[in-house]
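Show me how the following folds:
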Amino acid sequence: MSTTQWWTCCLMLSVTPCLSANAQLIPPPLHQGQRVRVTAPASSPARITGTFIGIRSDSVVVAGPEGERAVPRSAVLRLDVSRGPKTNAGTGALIGMGVVGAAGLVACGGCFASDDGGGANFLLVLFPSLAGGALIGVLIGSGVHSDRWEPVPSF
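All right, here's what the predicted structure looks like:
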């Protein structure tokens with residue numbers, strides 16, 4: 001492995017978000033008033049998102065902008081419960097690194113052709129490009145919020 005490849009691997013590993021090892025083995029409980037998302041293509045082509053009202057013997061009742069809606073249990077393919085908002089900083093960092101890193105590679109297209117330390121020039125362009133792209137992506141992604149959904153395996 002060359003020095004360039006080694007430093008590239010080190011940089012990528014240092015900025016890649018760690019995966020959480022906290023896998024929850026207990027299914028999330030459902031409580032009235034929680035935000036839920038129901039996937040039932042037979043009842044609605046779009047996912048139904050709203051406030052959980054309850055489960056009847058034959059349906060799941062969700063209150064949305066249109067009012068209460070009873071979705072037949074037999075039509076429900078998936079039921080998710082919201083665990084609160086999350087930012088998209090990690091996704092933004094990866095996208096920023098990819099876009100700005102690619103621009104850095106294009107900008108340094110002739111770095112390897114030169115005999116006067118082309119590899120060093122390549123590193124001087126690539127690393128700041130990746131770091132700058134990650135920083136820009138984190139800043140943009142941290143301002144974009146979405147729900148963190150967790151599936152309810154059996155309801």
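
quick one, strands of the chain?
35-39, 48-55, 59-64, 67-72, 78-87, 145-151 (DSSP state E).

Format those strands as a markdown table; extra columns: mean neighbour count and mean pLDDT.
Bear in mind the C-beta positions are built from the backbone N, C-alpha and C, glycine included. Below are the strands of the chain laid out as a markdown table (neighbours: other C-beta atoms under 10 Å; pLDDT from 0 to 100):
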| stretch | mean neighbour count | mean pLDDT |
| --- | --- | --- |
| strand 35-39 | 19 | 94 |
| strand 48-55 | 16 | 93 |
| strand 59-64 | 18 | 93 |
| strand 67-72 | 14 | 93 |
| strand 78-87 | 15 | 91 |
| strand 145-151 | 13 | 89 |
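
Show me the one of these that comes nearest L123.
strand 78-87 (30.7 Å; C-beta to C-beta).

Pull up the pairing partners for that closest one, direction included.
Applying DSSP bridges to the sheet, strand 78-87 is found paired with strand 35-39 (antiparallel), strand 145-151 (antiparallel).

now the ones you listed as a markdown table including distance to T49?
Output for the strands paired with strand 78-87, formatted as a markdown table (distance: least, C-beta to C-beta, whole Å):
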| stretch | distance to T49 |
| --- | --- |
| strand 35-39 | 5 |
| strand 145-151 | 8 |
